[in-house]
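>>> predicted coordinates and the sequence they were generated for:
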Amino acid sequence: MATASNLGFPRIGANRELKTYLENYWNGHANDETFYEHTSKLRIKHWKLQKSAGIQHIPSYDAPYYDHVLDVLELFSLIPFRFRHLDGLTQYFAMARGLSTSVEQIPAMEMTKWFDTNYHHITPEFEKDMHPQLNHNKVKERYLEALQYDIQTRPVIVGPLTLFQLGKSYESIDHSLFLQQLIEAYHELLNELAAIHIPWIQIDEPIFPLNQQDDFYDMAEKTYTLLSKNSPKILFTTYFSQLNKNALACLKSLPCHGIHLDCVRGDYTPDTIASLAKEKEAISLGVVNGRNIWRADLKHILSYLTICSEKLDHEKLMIAPSCSLLHVPVDASLEEKIDPHLHTWLAYAVEKLGEVRILTKALSEGSASVNTALSENQHILQDKRQHPDLHKKELRARMANIKKEDTIRQTSFRERRTLQQKKLKLPLFPCTTIGSFPQTKEIRRVRSDFRKRKIPAHEYEQIIQKETTKVINFQEDLGMNVLVHGESERNDMVEYFGEQLEGFFSTQHGWVQSYGSRCVKPPVIFADIMRPTPMTVKWISYAQSLTELPVKGMLTGPTTIMQWSFVRDDIPRSEVARQLALAIRDEIYDLEKAGISIIQVDEPAFREALPLQRSQWNEYIQWSTECFRLATSGVADDTQIHTHMCYSEFNDFIEAITKLDADVISIESSRSGMELLKAFTTVAYPNAIGPGIYDIHSPNIPDQEHMYRLLKDALRVLDKEQLWVNPDCGLKTRKWKEVRPSLQNMVAAAQQLREEYM
Ligand code: MET
Ligand SMILES: [Zn+2]
C-alpha cells in the first residue's frame, strides 16, 4: 500500500479566518484566550478536512500564528535581545511586527521571501549571547491536540541547515559553536517527540539542493547522524529545486528514514528513485504541483508512479504535493463567478489533496479502482487543451514574426539622451515620483462602489479626474519636473492590467498568504494574452492636458505581471511574458501617439523572478530583458523610457538591469543606506538612474540635509547628468501629511545640489 501524504496546509483558512483572528487580536477586540480558541478551531477543522480527504500523513505544527520560521525561532529560544523582556503573544507579535507603545519603540525583525515564492518569512537574527535551547515544546502540544480528535499527525518543522542559512548576524558570532548548540536543541526536541511515540516527523530542508559544496554535505551528514538517534522517523524534505548528482548521493547515505522529492521542479528517473529508496523506509514523491492552481495530469503521473512502484517495494511509496500547499488557495469549489468551463480546470489545496488520494488509491488497489476519476480528469484536460482562446492565431503569427530589431532601440543611449533633452528640457537632477499618490479611504471606497455598480461611470470618472487634478497641481506647486497622474484608478498594479487584458480571469477566493495577515489574490493567466483596447491612455492624457510639464505614462512590465499572477502551465513562462510584452508595446505606442513623451514600465519583480538555481540565471535574464525591450523599443528616439525596481537588493544584478537599456531607472536604495551605490564602483551603469532617497515604507519624514547627503554620496559614483531625484517606490501606502513635507524636502535637496553644480 502506498501512503497519501501532505506537507502543509494553507493556514489562512478558506475565508481568511486567520486574518480576522489576528486583526481582531491586534486591535484589542479579542483577548489571548479568544485568540487561542479561534485559531485552535481552525487548525482542527483543517486536520479533519485532510483526514476526510483520505490523507494518511497529515501535517501538524504547520499552522503558525504568523510565520513558520518565527515559530521555530520561538521554539529554540532564538529571541533577539530587544524582545527578551517581553513574553507570550506580545513577544511573538513584537518580533513579527515591531512594538510601539508609549514607553518603547522596538523595530520588527526583517522579512525575506521564502525562496522563490511570494511568501515572506521572518529573517532569523543570530546574536552573540544567544543560546539555542528547547523552549516550551509546542510541537508536542499540537500533536497531542490533534490526537484528541483521533487524528494522527506528522509534525513538520524547518530543519537546522535551512534555519541556520537563512539567518543573519549583525555581530560576530562563533558560527560553528552556534550551529552545534542549535543541532543539540533540535535533538532534544526530537527525543521528547520520540518519548511520546510520535511515528514520523517531517524536517524541511529546502536549502539543501541549493548548496553544492562538499563541506555542506559533510555537515548535513553529521547533523542528521545526531538527529536520527532516539528520534521519530525523519522524513528529510526538499523542494523547489532539482537535486544534482552529488546531492542525491549525499541523500542516499544520509541517516534518515525517508526522503521527499519535488518531482515537479525536479526530473528523476524511476531508477534514480529506486536507488534512493534502497536504504530508506519511505520515499515521498511530490508529484502534484503545490505551486499552481491547475488540475494535474493524473494519467501521466500515474504511469510514472507505476514504473517507480515496479522498481521498489511499493509499501515505501508516499504520494504527496510537491511542496507545502501554503502557496495555493484553499478550496476551488467555493468559486461562484468563474466561467463553469474554466472552473473545472482549477485545483486549490482541497482539490490537490483529492488528486493525491486518487493517485494513492490507484497505486494500491489498481487503476480500475479510480476509473471514473481518471476519465473525468482526462476529459477536463482534453477540454482545457482544446479551448479556443489558448491559441490565438493572429497573436501567434505576430510572435513568430518578432525580429531582433524589434527588441533593440534604434540609436544609442547617448544620442537618445540628446534628442530627449532637446524635447523635454529638464533641469539637472530632475525630480519625479514613482507613480502612485496616497490612496485615501475615500478613493478606495469610490473604486469599490464603482465595481459594485453603486455609482455610474461618468460620476466615477469625474471623481478620479478630480483626484488627478489635485495630484498634478500638488506636484506643480512643489516644483517637481516630471509628473505622474497618481494611479488613483488602480487597486493594484497587476490586477489593473489583468482585468483589462484578454487571457486573464480573476477569482473570488484565490487568496494566498503573503505574510502574517496579509494575503494576495493573484489574477489567473489561462490563455493567449491580447489587449482589446487601450488601458491607460484616457487617464494619462487627461493628466497631461492639465499641465505643460511632462506626465509619465505608467505601465507594469511583462515579467512583473507574470510573476504576480497564476500562470498557465501549457506553454513556457517566457512565452507568456512575450505575449504580455506585445500588449504593453501596443499600449506604449498608443500613449506615444497621444503625445506622452515619457513612459515608465515598472518591473519591481524583475529580481524576484530570478530562478533559485544559478545555472538557470542566464536563460532567465536573456528572455526577461528581451521582453522588456520588446515592450519598450518601438518608440521614437526622443521618447524617454523609464523603469522602476524595488523589493530586492540589486547589487549583484546591475549587469542584467543594464541590458534593459531603459533611459532612466528609479530604484529602491534608501533603506539599505544607498548600499546599491557600492555596485557602481565596479560596474559603470551607463544610463540615467534615480536611487531612491526617501524610504516610503516608513512614516518618517526625511529632512533636506539627509537627502542632500544621499545625493552627494550618489555623485561619488555617478555623473551629474545621470542622477535623478525620487523616492524609493510609490506613495500609495503613505498619508498626505507625510508625503507633502517629504517631497518638499526632496525638491529642496535637489535645488541645493543644482545651485552647487550649475
Ligand atoms: C511595487 S512598485 C510600485 C510602482 C507603482 N508605479 C507605484 O508607484 O505604486
Ligand atoms: Zn516600487
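Received the coordinates, thanks. Residues are numbered from 1 along each chain as shown. Ligands and ions are numbered 1, 2, ... in the order given.
>>> could you give the separation of stretch 324-335 from the chain centroid?
16 Å (CA atoms, centre = their mean, to the nearest Å).
>>> so what touches that stretch?
For stretch 324-335, the surrounding residues in contact (CB atoms under 8 Å, 6 or more residues apart in numbering) are 6-14, 59, 62, 117-119, 156, 204, 239, 290-293, 343, 346-353, 507-513. From N, CA and C alone the C-beta is placed, and that goes for glycine too.
>>> which of the residues in that stretch are buried?
324-332, 335 (16 or more other CB atoms under 10 Å).
>>> nearest to ligand 1 among those?
H327 (20.3 Å; CB to the nearest ligand atom).
>>> from the contacts of stretch 324-335, which land in strands?
59, 156, 204, 512-513 (DSSP state E).
>>> of those, which is the nearest to ligand 1?
Looking across the ones in strands among the contacts of stretch 324-335 and measuring by CB to the nearest ligand atom, the closest to ligand 1 is V512, at 17.5 Å.
>>> residues touching the closest one, list them.
Contact analysis of V512 by CB under 8 Å, 6+ apart lists 10, 12, 118-119, 326-329, 519-522.
>>> ends of stretch 257-270, how far apart?
19 Å (CA to CA, to the nearest Å).
>>> that should have said stretch 380-390, apologies.
Taking CA to CA, the span from the opening residue of stretch 380-390 to its closing residue is 15 Å.
>>> how about the CA coordinates for stretch 688-708, as CSV?
Extracted in CSV, the C-alpha atoms of stretch 688-708 (Å, rounded to 0.1, in the frame of the first residue of the first chain):
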residue,chain,number,x,y,z
ALA,A,688,20.3,57.7,-16.0
ILE,A,689,19.4,56.5,-12.6
GLY,A,690,17.5,57.7,-9.5
PRO,A,691,18.5,55.8,-6.4
GLY,A,692,15.5,56.3,-4.0
ILE,A,693,16.3,58.8,-1.3
TYR,A,694,13.0,58.7,0.6
ASP,A,695,12.1,55.4,2.3
ILE,A,696,8.4,55.3,1.7
HIS,A,697,7.9,52.1,3.8
SER,A,698,8.4,54.3,6.9
PRO,A,699,6.1,57.1,8.2
ASN,A,700,9.2,59.2,9.0
ILE,A,701,9.7,62.4,7.1
PRO,A,702,13.3,62.6,5.7
ASP,A,703,14.8,66.1,6.0
GLN,A,704,16.5,68.1,3.3
GLU,A,705,20.0,67.6,4.7
HIS,A,706,19.6,63.8,4.9
MET,A,707,18.5,63.6,1.3
TYR,A,708,21.1,66.0,0.1
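>>> now do the buried residues in it.
For stretch 688-708, burial by neighbour count (16+ other CB under 10 Å) applies to 688-696, 701-702, 704, 707-708.
>>> quick one: it near ligand 2?
No: judged by CB under 5 Å from the ion, stretch 688-708 stays clear of ligand 2, getting no closer than 8.3 Å.
>>> picking that back up, JSON lines for the buried residues of stretch 688-708, including secondary structure and pLDDT?
JSON lines is the format used below for those (DSSP: H, G, I helix; E, B strand; the rest coil; pLDDT from 0 to 100):
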{"residue": "A688", "secondary structure": "strand", "pLDDT": "97"}
{"residue": "I689", "secondary structure": "strand", "pLDDT": "97"}
{"residue": "G690", "secondary structure": "strand", "pLDDT": "97"}
{"residue": "P691", "secondary structure": "strand", "pLDDT": "96"}
{"residue": "G692", "secondary structure": "coil", "pLDDT": "95"}
{"residue": "I693", "secondary structure": "coil", "pLDDT": "95"}
{"residue": "Y694", "secondary structure": "coil", "pLDDT": "95"}
{"residue": "D695", "secondary structure": "coil", "pLDDT": "90"}
{"residue": "I696", "secondary structure": "coil", "pLDDT": "91"}
{"residue": "I701", "secondary structure": "coil", "pLDDT": "94"}
{"residue": "P702", "secondary structure": "coil", "pLDDT": "95"}
{"residue": "Q704", "secondary structure": "helix", "pLDDT": "98"}
{"residue": "M707", "secondary structure": "helix", "pLDDT": "97"}
{"residue": "Y708", "secondary structure": "helix", "pLDDT": "97"}
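>>> go through the residues you listed and say which is closest to ligand 1.
Nearest to ligand 1 among the buried residues of stretch 688-708, with distances taken as CB to the nearest ligand atom, is I696, at 9.0 Å.
>>> now do the contacts for that closest one.
I696 neighbours (CB under 8 Å, 6+ apart): 727-731, 733-734.
>>> which of these are buried?
727-731, 734.
>>> get me the contact residues on the stretch 651-758 of the chain for ligand 2.
So far as CB under 5 Å from the ion goes, the stretch 651-758 of the chain lies against ligand 2 at C729.
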